[in-house]
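>>> Using only what follows, build the 3D model:
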Amino acid sequence: MRNIFIGCVALVLAGCTANQEVDLESRDFMVQQNAVPASTGVESTEHMARLLKLSGPTYVTLVVSDGEKQTTSSRPSENRAIPVTSGSGFLVDSGGYVMTAAHVAVRKGNTVSARAANGRIYSGQVVDILPSNDMALIKLRGFSGKATSPAPSQCVPRGSMVYSLGKPHAEGDTARVGRLESMHYGRAVSYGKYGYPDAMVLKMSTHRGESGGPVFNDSGELVGMVVSTLTDANGNLINLAHAIPSASLAQFLCRNISCGGAWASLAQTTTDSCPAI
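Below is the predicted model:
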């Protein structure tokens, strides 16, 4: 996890074999209302429970290992790839393709262990990575589950309720409820070999381990992916996070696999026309 100071704020990366249908009911989330009262309208407990039942099965937690770096054992058969990062991700089709942040995946070819909604661990590999817009695609073996449904519009109105799914380090699965502050940050961000040309600004405070997690609207439709959270110059969270918009996710996904429907339509759009405020 790195801090990147931009003006008076810093960016913190929020990340730190037969097919089996995934159990859609077994995952529990701790709900945190970051920017809105817990009793208001769509953020009510009952509504969030319905949204999490809809979107929760699409989410996975990830441990990424470098296959070129292995533990040393007197028995070569016991050598294992060394974990290098962990984070969150989400299923983008029923065939086992998962999206996450590039800084979680690190590089193409890395091995991945993913924990699904049923608690089972699935193995896979990073099949593509786009460091310049902090996106990566993973293919899991033997995984058949519920994929995310992207929102039909690439734009999210300012002030709209959104929520993210992720697993902060040393904590349980968490749903964070917030608001869209802006569709545009208005400048490029870089950290090491990763970064993005622009980002959605979310009124919510994500934590380490949540990079690559999905962001949904109040209908449970995917609108983005968490990549970083903002802090002040002293490293204190300021209740703002950055997310890659769904249009960029769709373009990256459809470059790699044959996609149709909402994904294909979304891939033909950009957020350039979306108002910043």
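>>> Tell me how far stretch 90-110 lies from the chain's centre.
The chain centre lies 9 Å from the centre of stretch 90-110; the measure is C-alpha atoms, centre = their mean, to the nearest Å.
>>> List the buried residues of that stretch.
The neighbour-count check on stretch 90-110 (16 or more other C-beta atoms under 10 Å) flags 90-93, 96-106, 110 as buried. No exception for glycine: its C-beta is placed from N, CA and C like everyone else's.
>>> Please apply the same query to stretch 52-59.
So, applying 16+ other C-beta under 10 Å, buried residues of stretch 52-59: 52, 54-59.
>>> do the same with stretch 168-180
168, 173-180.
>>> how far does that stretch stretch from start to finish?
21 Å (C-alpha to C-alpha, to the nearest Å).
>>> Now compare the buried residues of stretch 168-180 and name the two farthest from each other.
173 and 180 (22.5 Å; C-beta to C-beta).
>>> of the buried residues of stretch 90-110, closest to residue 125?
Closest to residue 125, out of all of the buried residues of stretch 90-110 and judged by C-beta to C-beta, is residue 110, at 7.1 Å.
>>> on that earlier part again, any chance of the buried residues of stretch 52-59 in TSV, with distance to residue 66 and pLDDT too?
What follows is the buried residues of stretch 52-59, written out as TSV (distance: C-beta to C-beta, whole Å; pLDDT from 0 to 100):
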residue	distance to residue 66	pLDDT
52	33	94
54	35	92
55	31	95
56	30	94
57	29	93
58	27	95
59	24	96
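>>> In CSV, list the residues you listed along with distance to residue 234.
CSV is the format used below for the buried residues of stretch 52-59 (distance: C-beta to C-beta, whole Å):
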residue, distance to residue 234
52, 34
54, 38
55, 34
56, 35
57, 39
58, 36
59, 32
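>>> for the residues you listed, which one is nearest residue 261?
Among these, and counting by C-beta to C-beta, the member closest to residue 261 is residue 58, at 15.5 Å.
>>> Which stretches in the stretch 101-250 of the chain count as strands?
111-115, 121-130, 135-140, 143-144, 161-166, 174-182, 189-191, 194-196, 200-203, 214-217, 222-232, 237-245 (DSSP state E, counting those that start in this stretch).
>>> So for stretch 220-235, mean pLDDT?
Average pLDDT, stretch 220-235: 91.
>>> for stretch 173-190, same thing?
On average, stretch 173-190 scores 95.
>>> so how far is it off the chain centroid?
On C-alpha atoms, centre = their mean, the centre of stretch 173-190 falls 12 Å from the chain's centre.
>>> can I see the domain layout of the chain?
3-18+27-55+149-266, 59-70+78-144 (automatic domain parsing).
>>> can you tell me which of these comes nearest to residue 275?
Among the domains of the chain, the nearest to residue 275 by C-beta to C-beta is domain 3-18+27-55+149-266 (6.8 Å).
>>> Now residue 252: closest residue in space, sequence neighbours ignored.
residue 135 (4.8 Å; C-beta to C-beta, 6 or more residues apart in numbering).
>>> In contact with the one you found, which residues?
99-102, 129, 225, 244, 248-249, 252 (C-beta atoms under 8 Å, 6 or more residues apart in numbering).
>>> Next, work out how far apart it and residue 256 are.
Separation of residue 135 from residue 256 (C-beta to C-beta, to the nearest Å): 10 Å.
>>> same check, this time on residue 200
If you go by C-beta to C-beta, the gap between residue 200 and residue 256 works out to 22 Å.
>>> who has more neighbours, those two?
Higher neighbour count among residue 200 and residue 256: residue 200, with 27 against 15, using other C-beta atoms under 10 Å.
>>> Quick check: beta-bridge partners of the more buried one?
On the basis of DSSP bridges, residue 200 takes part in beta bridges with residue 243.
>>> Which residues are in contact with it?
156, 180, 182-185, 215, 223-224, 242-245, 271.
>>> before we move on, what about residue 130?
102, 136, 252.
>>> my read: the second one touches residue 99, true?
Same thing as residue 136. Yes - the criterion here is C-beta atoms under 8 Å, and residue 136 meets it with residue 99 at 7.1 Å.
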